[in-house]
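>>> quick one, what's the 3D model for this:
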Amino acid sequence: MAALSLNALQALLEPHFLEILGGFACEGDEDLPMSTRTLVLIGPKEPGYWAHVQSQPESSGPDPVDRWSRRVIGGLACDLGAKALFPFGGAPYHPFYKWALRIGQVWDSPIKLLVHVRQGLLVSFRGALALKEAFDLPEPPAKPCETCAKPCLTACPVGALTPGGYDLKACHDHLDLPNGADCMNGGCLARRACPVSATYARIPEHSAYHMRQFHRAGTKT
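Numbering: from 1, shown residues only. A predicted model of the protein is given here:
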């Protein structure tokens, strides 16, 4: 096999409607396999991602997106001699929030949710690849929030998302009410208010799936 490059890795992800969201050089990180020299974070590539996932064998069973992610990213890791890591699957969880802040393409937003340079507040991670190769990584772009009017700060109907933290109870209580249907069916209003999110082609059905998963997990007793 020819030497792996970031472009070659992206080409392998394309048929699965996945993309590289960023990466960072590392060596000897305690959170990662010993041989890791680069960690690459992977997420959905729109347009087309949700329709593709819905057409896959996992779509008819439980946890379809997570099972599909394990199969696809796990299979790719095996082919590359890498290690696949996932943000789901139970404790102890991998520190994806901390990793995301290291890739230079993601920042903490004014409401403390992660914001990506291309996907805005709709960014999500399907997994990561711990690679043995070292790459020349792109220079970090400017943080979009620096020149933004920050509509995310006032978009939540119940003020659950603030610079001071996330009021999960207020959020879940709102989702249980009829006037929470817009968030449940189209995705979090604060996430959608981000101007970068507005340029990302994520469809409402995709956002609605994750809102249902989030709400179900948050209201379990």
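>>> domains for the chain, by residue range?
The chain is divided into the following domains under automatic domain parsing: 6-140, 145-218.
>>> mind putting the ones you listed in a markdown table, mean pLDDT and mean neighbour count included?
Where C-beta positions appear, they are placed from N, C-alpha and C, glycine not excepted. Output for the domains of the chain, formatted as a markdown table (pLDDT from 0 to 100; neighbours: other C-beta atoms under 10 Å):
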| stretch | mean pLDDT | mean neighbour count |
| --- | --- | --- |
| domain 6-140 | 96 | 17 |
| domain 145-218 | 95 | 16 |
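>>> before we move on, what SS does the spatially most central residue of the chain have?
Closest to where the C-alpha atoms of the chain average out (C-alpha atoms, centre = their mean) is Ser124, at 1.4 Å. Secondary structure state of Ser124, per DSSP: H, G, I helix; E, B strand; the rest coil, is coil.
>>> and the longest helix seen in the chain, what does it pack against?
Longest helix of the chain, by residue count under DSSP state H: helix 64-80. Packed against helix 64-80 by the contact rule (3 or more C-beta pairs under 8 Å, 6 or more residues apart in numbering; DSSP states H and E) you find helix 6-13, helix 49-54, strand 83-85, strand 127-131.
>>> any residues touching that helix, and which ones?
4, 9, 12-13, 16, 18, 42, 53, 56, 58-59, 61, 82-84, 86, 88-89, 126-127, 129, 131, 209 (C-beta atoms under 8 Å, 6 or more residues apart in numbering).
>>> OK, contacts around Cys26?
By C-beta under 8 Å, 6+ apart, the contact set of Cys26 is Leu32, Thr36, Arg37, Thr38, Leu39.
>>> narrow the residues you listed to those in helices?
Counting by DSSP H, none of the members of the contacts of Cys26 fall within helices.
>>> quick one, strands of this structure?
18-25, 38-44, 83-85, 106-108, 114-116, 127-131, 161-162, 165-166 (DSSP state E).
>>> for the fifth one, the distance to its chain's centre please.
Which is strand 114-116. 9 Å (C-alpha atoms, centre = their mean, to the nearest Å).
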